[in-house]
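J.: heads up, no residue letters with this:
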RNA sequence: GGCCACGUGGCGGAGUGGUUACGCAGCGGUCUGCAAAACCGUAUACCCCGGUUCAAUUCCGGGCGUGGCCUCCA
């Protein structure tokens, strides 16, 4: 079955052909570890986890290499560490641990490699030396800058013609830039900032610019050209554009990655998420109220390139849908997802269509296929059940009292005293306890 | 201001140049002492204005609305 992926560079869906089917390679921009990740950060993590799973299904688990970096050198990190009076390393390690736990709760597999920027300084400086040697970068006032005009087709990914950008540049241009569009590859470390020996004969210690780390780490772990590069749509410009410039110019390669994939943005209850609006939602906040698998399904109910509005109503619906799946899925699962689901996912990761196909499996004939599909998606029955147990609301009166009243009601029903039976049921309902009569007896649960 | 997306039934959300998406809610039914749950069935849609076409929600142009980028934010 052909896999089709929407390529931002080509602006169309293209049939996926890996460079080497025995070693499919994907790079996704990961978190800057200075604070809890928010729900918007969770979108690419979940989306590309699903793509990772799909690629493993199509090419074999041992034939897919997924790299997601950890940015542990950054202005925000420095500022936060100083603010809390802890070391940078302490902050980044703690934050990474929190991120890893959040992501695991969302049902995501660990990537094959999670490289840290600070452990790839040597690759970065090597890349910078290459760029200077090739005439694509220059040294000025202890900075190394990438000379954008040296790359004739700069701007292809974001479809920004060079001349228009220069005309539109309104910000103050740093004095060490030869061209307003030039961007920093390396800069001197200020006192108190982390620094490393600089490249290109610069005497003072320095630190990398933002974009160079991804070029360095993808090179180290995936090679000069690889298959898929992913991230949020907001990274198209300038981050990915600059990554392309660095990598292609350093290696003289026609492409950095053959497929560029970008997930759409997320809003919260119809509004842009921001700290000033007070609707800034961390993954951790959401996991307090909802099982990770519900959060995962809620994210996947919308196609990854569409904007998504994150709402409580949506989460409620997702919980109902996921529960309905597990209610009918058999405990014995097929080892692979259902063909109709796979077909939907192969069409540029069409998760809404895949979920629709899963609804079609909610019958006796589809129970094993549904179980296999849920497992493929990363949904875990036990995780959902465990969360429910841990978060079950406590009944307002003792369990023995509830059971005593139910016993009384059963006697009343045996005597066909419906008035008394309904009175007891109504009383419990008023306390938030819902009764269900079946042939096997009466069960109860606390309404959410 | 420049560039780029998106606008589908009460809600969420796919897709398509002419024929059912799917789900949630609602409604009707089966079951039940009556309910709940479960199961079966079911109405409602394609932002506005032009154009292309035998035919447009689907293609093209314009408008309006929402969002993103252009300021190291997924």
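T.: Received it, and whenever you're ready, just let me know what you need. The structure presented is a predicted model; accordingly, all values stated were derived computationally and were not measured.

J.: Who does residue A:433 form a beta bridge with?
T.: Here residue A:433 shows beta-bridge partners residue A:446, assigned using DSSP bridges.

J.: For it, grab the count of nearby residues.
T.: 19 (other CB atoms under 10 Å). (C-beta placed from N, C-alpha, C; glycine too.)

J.: how far away is it from residue A:390?
T.: For residue A:433, the distance to residue A:390 equals 20 Å [CB to CB, to the nearest Å].

J.: cool, residue A:381 as well?
T.: On the measure of CB to CB, residue A:381 and residue A:390 end up 15 Å apart.

J.: Which of these two has more residues huddled nearby?
T.: More crowded of residue A:381 and residue A:390, by other CB under 10 Å: residue A:381, with 17 against 8.

J.: Now for that one: which residues touch it?
T.: By CB atoms under 8 Å, 6 or more residues apart in numbering, the contact list for residue A:381 reads A:326, A:329, A:331, A:374.

J.: go on, residue A:128?
T.: Contacts of residue A:128 (CB under 8 Å, 6+ apart): A:137, A:144, A:185-186, A:199-200, A:212.

J.: Surely it forms part of a helix?
T.: Yes: using DSSP: H, G, I helix; E, B strand; the rest coil, the secondary structure at residue A:128 is a helix.

J.: who's in contact with residue A:303?
T.: Taking CB under 8 Å, 6+ apart, one finds A:349-352 in contact with residue A:303.

J.: mind redoing it with 7 Å?
T.: Residues counted as contacts of residue A:303 (CB atoms under 7 Å, 6 or more residues apart in numbering) are A:350-352.

J.: on that earlier part again, report the entries of the contacts of residue A:381 that also contact RNA strand B.
T.: Checked against RNA strand B using CB under 7 Å from any atom of the strand, the contacts of residue A:381 yield no neighbours at all.

J.: Does residue A:124 fall in a helix, a strand, or a coil region?
T.: With three-state DSSP as the criterion, residue A:124 reads helix.

J.: correct me, but it touches residue A:206?
T.: No: contact criterion CB atoms under 7 Å: residue A:124 and residue A:206 do not qualify, at 10.3 Å.

J.: Tell me how far the nearest residue to residue A:292 once chain neighbours are set aside lies from residue A:96.
T.: Excluding the flanking residues, the one nearest residue A:292 by CB to CB, 6 or more residues apart in numbering is residue A:105, at 3.8 Å. Distance, residue A:105 to residue A:96, by CB to CB: 15 Å.

J.: Are stretch A:133-143 and RNA strand B in contact anywhere?
T.: No: Stretch A:133-143 does not reach RNA strand B (CB under 7 Å from any atom of the strand); its nearest approach is 10.5 Å.

J.: end to end, how far does that stretch reach?
T.: For stretch A:133-143, the separation between the terminal residues is 15 Å (CA to CA, to the nearest Å).

J.: Report how many residues lie close to whatever residue of the stretch 151-300 of chain A ends up closest to RNA strand B.
T.: Among the residues of the stretch 151-300 of chain A, residue A:232 lies closest to RNA strand B, at 1.3 Å counting by CB to the nearest atom of the strand. Neighbour count for residue A:232, taken as other CB under 10 Å: 20.

J.: Drop anything exposed from the contacts of residue A:303.
T.: In the contacts of residue A:303, burial by neighbour count holds for A:350-351, counting by 16 or more other CB atoms under 10 Å.

J.: Any chance of TSV for the contacts of residue A:303, columns distance to RNA strand B, secondary structure and pLDDT?
T.: Converted to TSV, these look like this (distance: CB to the nearest atom of the strand, whole Å; DSSP: H, G, I helix; E, B strand; the rest coil; pLDDT from 0 to 100):
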residue	distance to RNA strand B	secondary structure	pLDDT
A:350	5	coil	95
A:351	8	helix	96
A:352	3	helix	96
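
J.: List just the nearest of the contacts of residue A:303 to residue A:66.
T.: residue A:351 (18.3 Å; CB to CB).

J.: How about that closest one: what's its closest non-neighbour residue?
T.: residue A:300 is the one closest to residue A:351 (CB to CB, 6+ apart), at 4.3 Å.

J.: so, in contact with RNA strand B or not, the lengthiest helix in chain A?
T.: Using DSSP state H, we find that the single longest helix of chain A is helix A:39-59. Yes: using CB under 7 Å from any atom of the strand, helix A:39-59 comes into contact with RNA strand B via A:40-41, A:43-44.

J.: Same question for stretch A:24-37.
T.: Yes: Stretch A:24-37 lies within reach of RNA strand B by CB under 7 Å from any atom of the strand, at A:29, A:31-32.
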